[in-house]
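> Below is the structure, and that's it, no one-letter string:
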């Protein structure tokens, strides 16, 4: 099963050299390597489309017939496209199709017979990426001389040129083809994901692949991920254990504890295990315990030499979104998603939240301080949303009740400590939009299909940890000095990546994401 069904390209500056308001087919010049790159995609069975702003029509500088003639010339030079969609409007028209709005992406995906979540958008400027994210599609930016540095920093993925963008897309597309000859095998498979709630949730599609290929799935998780594990479809049994080589606040290694863990894993009867990790973690300590527990076949992603600890040593290039990274490991181990699986994050059925809609959820906390929006900023965001007419619910854990009370003030309902993760998921599922940082509830929103205004600290790569296959608007300084540090506490005075977020930008983002009527 492939991750993508279609690739949608911006036209001017991406496929062909940018000639402002070009109505002359004779001026069409493909960018270097374009035809060969597109043919590679066609050979792999991917559908191709073009999504292009053509405001020259509204400005009276072009006719629609001129645009169509230029498009025909592009096809003569670069081969056929399955769909063309262009926006004829100017900025002031307020249409839903002009990028950075997502209308063109949705329209092109529908014309091809797929969804935006199964598409990649390739473009040369920020609005191309914004339209992709707002539609729930993947995005690859190919910068040119007009691309601003801030747009490069904020992009989910960046390639040097069009052929490099196609290579990146095909690497992601083909990561999931290793297990095409997978067969269902009897017995129990042990999945390992001993991290936080968000880490467990992004592994969900891969867990479903294991469940499709085995009689029974046991999930080894940590205490921080237990509540999320209980929400995952495909999990038959949970083993909760705090692993000192994974836990962020580990106890000393205790030989008796390791012996007890080994015995507990042996008692599952699993003959096979798949160890899921984040890109910065090693699976080898876990693999050693699994071997001691008698697990005969162990699969994991590992750049380090594993000796005899792994039977399947899988490798993944950097930058791949965490759900796809996990899916690729499952495929390498011989487990494919069930037919018709949309590969999105998903939860077990939830009880209704009992909150009348419409409403917006603001979740101000995060698992680490570096990814937490300053309370004063969150307070201003809530006040601005309320002033714009939104009903706002502020959520948080019991430990965050002081934070949620401060953020809610007199403008929102303070639900801090009012529910467990399942209750929070039900609230988020009924929301028009979630406003949150890079934290577990953002992945809960992805699993319920709720759009996310992502107040994303760049301490980890956005392309790997953004809410997956759900409409997103990213806010925050993507080029801040904390970028890619993986810092748990902000290393820069004043927390500038999140401290300067404009509440008006959040209100605008919520308006964009709820334009279809969710709030």
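Now that the structure is in, tell me what you want to look at. Note that the structure is predicted; figures quoted are calculated from it, not measured. Residues are numbered from 1 along each chain as shown.

> Could you check how many residues crowd around residue 383?
18 (other Cβ atoms under 10 Å). No exception for glycine: its C-beta is placed from N, CA and C like everyone else's.

> what stretches of the protein score poorly on pLDDT?
Flagging of the chain using pLDDT under 70 yields the residue ranges 1, 176-184, 516-519.

> Which residue lies nearest the spatial centre of it?
Central residue of the chain (Cα atoms, centre = their mean): residue 468, 2.6 Å from the mean position.

> Doesn't that one lie inside a strand?
No. The assignment for residue 468, made by DSSP: H, G, I helix; E, B strand; the rest coil, is coil rather than a strand.

> who touches it in this structure?
Residue 468 makes contact with 202, 321-323, 344-345, 443, 446, according to Cβ atoms under 8 Å, 6 or more residues apart in numbering.

> Pairing partners for the helix or strand containing residue 436, with directions?
Per DSSP states H and E: residue 436 is located in strand 433-437. Partners of strand 433-437 in the sheet, by DSSP bridges, are strand 360-363 (parallel), strand 452-455 (parallel).

> Skip ahead from the last one and say which helix or strand is next.
Just to be clear, that refers to strand 452-455. helix 462-465.

> just to revisit the earlier point, nearest to residue 148, out of the strands paired with strand 433-437?
strand 452-455 (19.8 Å; Cβ to Cβ).

> Now tell me what touches that closest one from outside.
With Cβ under 8 Å, 6+ apart as the test, strand 452-455 has contacts from 373, 433-438, 442, 445-446, 462, 466-467, 470-476, 498, 501, 506, 509-510, 513.

> From the chain's centroid, how far away is that strand?
11 Å (Cα atoms, centre = their mean, to the nearest Å).

> And for stretch 42-61?
Remark: stretch 42-61 is offset 25 Å from the chain centroid, using Cα atoms, centre = their mean.

> SS state for residue 298?
With three-state DSSP as the basis, residue 298 sits in strand.

> That one is in contact with residue 290, isn't it?
Yes. Using Cβ atoms under 8 Å, residue 298 is in contact with residue 290, at 5.3 Å.

> shared neighbours of the two, anything?
By Cβ under 8 Å, 6+ apart, residue 298 and residue 290 have these common neighbours: 273, 275.

> Can you give the strand pairings for the helix or strand containing residue 274, parallel or anti for each?
Residue 274 belongs to strand 272-275 when elements are defined using DSSP H and E. Note on strand 272-275: by DSSP bridges, its sheet partners are strand 185-193 (parallel), strand 297-301 (parallel).

> Give me whichever of these is most buried.
Highest mean neighbour count among the strands paired with strand 272-275 (mean count of other Cβ atoms under 10 Å): strand 297-301, with a mean of 24.

> Outside of that one itself, list whatever touches it.
Counting by Cβ under 8 Å, 6+ apart, 271-277, 283-284, 286-287, 290-291, 306, 309-316, 325, 329, 332-333 sit against strand 297-301.

> 6 Å instead, please
By Cβ atoms under 6 Å, 6 or more residues apart in numbering, the surrounding residues in contact with strand 297-301 are 272-275, 283, 287, 290, 310-312, 314, 316, 329, 333.

> quick check, distance from it to the centre of its chain.
24 Å.

> What of stretch 308-319?
22 Å.

> Span of it from start to end?
Stretch 308-319 has an end-to-end distance of 28 Å (Cα to Cα, to the nearest Å).

> can you pull out the helices in the stretch 301-450 of the chain?
322-332, 375-387, 401-408, 421-429, 440-448 (DSSP state H, counting those that start in this stretch).

> which parts of the shortest one are buried?
Translated: helix 401-408. Neighbour counts using 16 or more other Cβ atoms under 10 Å place 403-404, 406-408 of helix 401-408 among the buried residues.

> quick revisit: can you give me the angle the strand holding residue 436 makes with helix 421-429?
With axes from the mean of the first three to the mean of the last three Cα atoms, to 10 degrees applied, the angle from strand 433-437 to helix 421-429 works out at 120 degrees.

> what's around residue 319, how many residues?
Counted with other Cβ under 10 Å, residues neighbouring residue 319 total 16.

> Tell me how far it lies from residue 140.
The gap separating residue 319 from residue 140 is 10 Å, by Cβ to Cβ, to the nearest Å.

> now residue 275
Residue 275 is 29 Å from residue 140, where distance means Cβ to Cβ.

> hang on, the earlier thing: pull out the buried residues from the strand holding residue 436.
For strand 433-437, the neighbour count (16+ other Cβ under 10 Å) marks 433-437 as buried.

> Output these in JSON lines; the columns should cover distance to residue 58.
As requested, the buried residues of strand 433-437 are exported to JSON lines (distance: Cβ to Cβ, whole Å):
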{"residue": "433", "distance to residue 58": "29"}
{"residue": "434", "distance to residue 58": "34"}
{"residue": "435", "distance to residue 58": "33"}
{"residue": "436", "distance to residue 58": "36"}
{"residue": "437", "distance to residue 58": "38"}
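
> Return the residues in contact with the nearest residue to residue 319 once chain neighbours are set aside.
Excluding its sequence neighbours, the residue lying closest to residue 319 (Cβ to Cβ, 6 or more residues apart in numbering) is residue 463, at 5.5 Å. Neighbouring residues of residue 463 by Cβ under 6 Å, 6+ apart: 156-157, 319.

> any idea how far residue 381 is from residue 475?
Residue 475 sits 10 Å away from residue 381, taking Cβ to Cβ as the criterion.

> The two: which is more packed in?
The residue with more neighbours, out of residue 475 and residue 381, is residue 381; 28 against 21, by other Cβ under 10 Å.

> Quick check: nearest residue in space to residue 125, chain neighbours excluded?
Nearest to residue 125 is residue 147, by Cβ to Cβ, 6+ apart, at 5.6 Å.

> What is the neighbour count of that neighbour?
Neighbour count for residue 147, taken as other Cβ under 10 Å: 19.

> Kindly provide the distance from it to residue 161.
Taking Cβ to Cβ, one finds residue 147 at 12 Å from residue 161.

> do the same with residue 145
Distance from residue 145 to residue 161, by Cβ to Cβ: 13 Å.

> With residue 43 instead?
Counting by Cβ to Cβ, the gap from residue 43 to residue 161 is 19 Å.

> which of those two has more neighbours?
Shown here are residue 43 and residue 161; by other Cβ under 10 Å, residue 161 has more neighbours (16 against 9).

> Not counting its neighbours along the chain, what's nearest residue 165?
Nearest-residue entry for residue 165: residue 159, 3.8 Å, with adjacent residues in sequence omitted and distances by Cβ to Cβ, 6+ apart.

> Contact partners for that neighbour?
Residue 159 is in contact with 140, 142, 165, 168, counting by Cβ under 6 Å, 6+ apart.
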